[in-house]
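# okay, here's the prediction I keep looking at, along with the sequence it came from:
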Amino acid sequence: MVSHSGLLTVMERAARKAGSKLRRDFGEVEHLQVSRKGPADFVSKADQQAERTLVEELQKARPDWGFLLEEGGVIEGDPTKPRWIIDPLDGTTNFLHGIPHFAISIAVEEPLFGGQKREVTTGLVYQPVTDESYWAEKSRGAWRHDQRLRVSSRRDLGDCLIATGIPFMGHGDMAQWTRIFGAVAPSVAGLRRFGAAALDLAHVASGRYDGFWESGLQPWDMAAGLLLVREAGGFTSDFRGGDQMIDRKEVIAGNDAIHSKLHKLVAGALR
């Protein structure tokens with residue numbers, strides 16, 4: 001059985017503790033579907049409780065580290081130390097509607113060059129319903145439990161299943177997405193939109209998807225997933241082909257050939 005660092009043990013323990021509560025809460029969601037306000041309020045509380053659990057568990061282990069949180073914003077820590085980037089419930093809308101496709105995402109971002117730059121060096125994406133734990137450490141590969149992950153080996157877009165995210169009410173640029181969709185859809189075997197970017201990236205890392213693109217993403221949506229893809233032998237970039245995925249809130253991911261072909265289609269659509 002593959003061994004991982006003590007840091008990942010801390011992360012997995014925290015994710016499983018929060019995940020067990022999310023699993024329990026998910027079982028209650030179906031009973032609340034009769035009311036418009038009921039389910040949304042309940043899910044919001046489940047989201048916040050999961051984040052509290054994660055923060056409490058991780059602070060116990062690393063009390064001087066800071067946090068970047070979806071719900072709670074920034075909790076300052078020692079600037080010379082790493083910080084946690086956390087999405088306690090990626091796929092909130094799925095959770096709200098009783099669709100069993102959501103995850104907890106935890107990444108560790110370390111300061112470089114005296115804090116001038118930061119780099120994600122450890123990532124974990126945990127799916128509570130399937131009990132799948134995807135993890136990666138810089139230069140140690142990407143794994144699902146103790147199984148080594150590799151991105152898909154397909155080279156022809158016509159054979160590829162590509163994932164994306166679709167803009168919705170108040171979120172994203174529908175005109176931009178429509179142009180990209182118009183370029184990509186005729187070239188691929190299929191497109192999927194499952195509504196949880198952290199899991200989409202984990203599935204690219206495991207070869208379930210051959211590629212992925214999305215914009216309008218926040219750091220907590222993709223910090224862990226980007227590391228998973230790269231450590232599984234894949235490539236990630238922003239829509240311009242650069243490495244500003246977090247700053248530009250966009251990503252293209254896949255193996256070397258598929259990433260290159262997807263980037264060409266995306267860039268062409270945006271000209």
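Looks like it came in fine.
# for stretch 155-165, how far is the first residue from the last?
22 Å (C-alpha to C-alpha, to the nearest Å).
# flag every buried residue along it.
Neighbour counts using 16 or more other C-beta atoms under 10 Å place Leu157, Cys160, Leu161, Ile162, Ala163, Thr164, Gly165 of stretch 155-165 among the buried residues. Yep, even glycine has a C-beta here, placed from its N, CA and C like the rest.
# quick one: contacts for the fifth one?
Yep, that's Ala163 we're talking about. Leu191, Arg192, Arg193, Phe194, Asp200, His203, Val204, Tyr209, Gly211, Phe212 (C-beta atoms under 8 Å, 6 or more residues apart in numbering).
# which of these sits closest to Asp47?
Phe194 (18.4 Å; C-beta to C-beta).
# thought Tyr209 was touching Leu199?
No: Tyr209 is beyond contact range of Leu199, at 9.8 Å (criterion: C-beta atoms under 8 Å).
# beta partners for Glu137?
In this entry, Glu137 is beta-bridged to Thr122, by DSSP bridges.
# now render the buried residues of stretch 155-165 as TSV, adding distance to Gln48, pLDDT and secondary structure.
Shown next, in TSV, are the buried residues of stretch 155-165 (distance: C-beta to C-beta, whole Å; pLDDT from 0 to 100; DSSP: H, G, I helix; E, B strand; the rest coil):
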residue	distance to Gln48	pLDDT	secondary structure
Leu157	41	98	helix
Cys160	38	98	coil
Leu161	34	98	strand
Ile162	33	98	strand
Ala163	28	98	strand
Thr164	28	98	strand
Gly165	23	97	coil
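# I'd like those residues as JSON lines, with distance to Ile75 appended.
As requested, the buried residues of stretch 155-165 are exported to JSON lines (distance: C-beta to C-beta, whole Å):
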{"residue": "Leu157", "distance to Ile75": "43"}
{"residue": "Cys160", "distance to Ile75": "40"}
{"residue": "Leu161", "distance to Ile75": "38"}
{"residue": "Ile162", "distance to Ile75": "36"}
{"residue": "Ala163", "distance to Ile75": "31"}
{"residue": "Thr164", "distance to Ile75": "32"}
{"residue": "Gly165", "distance to Ile75": "27"}
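# mark which of the contacts of Ala163 are buried, thanks.
Phe194, Asp200, His203, Val204, Tyr209, Gly211, Phe212.
# inside strands: which ones of these?
Applying DSSP state E to these, the entries found in strands are Gly211, Phe212.
# and the buried ones among the contacts of Ala163 as TSV, adding pLDDT?
What follows is these, written out as TSV (pLDDT from 0 to 100):
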residue	pLDDT
Phe194	97
Asp200	98
His203	98
Val204	98
Tyr209	98
Gly211	98
Phe212	98
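# farthest pair in the buried ones among the contacts of Ala163?
Top of the distance list for those (C-beta to C-beta): Phe194 and Gly211, 14.2 Å.
# circling back: closest to Thr9 among the contacts of Ala163?
His203 (24.2 Å).
# report the contact partners of that closest one.
Ala163, Tyr209.
# quickly note the distance from it to Ser5.
For His203, the distance to Ser5 equals 24 Å [C-beta to C-beta, to the nearest Å].
# Gln49 too?
27 Å.
# if you count surrounding residues, which of these two has more?
Gln49 (17 against 12; other C-beta atoms under 10 Å).
# and the more buried one, what element?
helix 37-61 (DSSP states H and E).
# tell me what that helix is packed against?
Contacts defined by 3 or more C-beta pairs under 8 Å, 6 or more residues apart in numbering; DSSP states H and E place helix 37-61 against helix 6-29, strand 66-69, strand 83-90, helix 92-96, strand 103-112.
# so Gly66 sits against Gly73, correct?
No: at 11.0 Å, Gly66 does not count as touching Gly73 under the criterion of C-beta under 8 Å.
# of those two, give the one with the bigger neighbour count.
More crowded of Gly66 and Gly73, by other C-beta under 10 Å: Gly66, with 18 against 8.
# check what pLDDT the more buried one gets.
Gly66 is assigned 97 on the pLDDT scale.
# since that was my last question, I'll sign off now.
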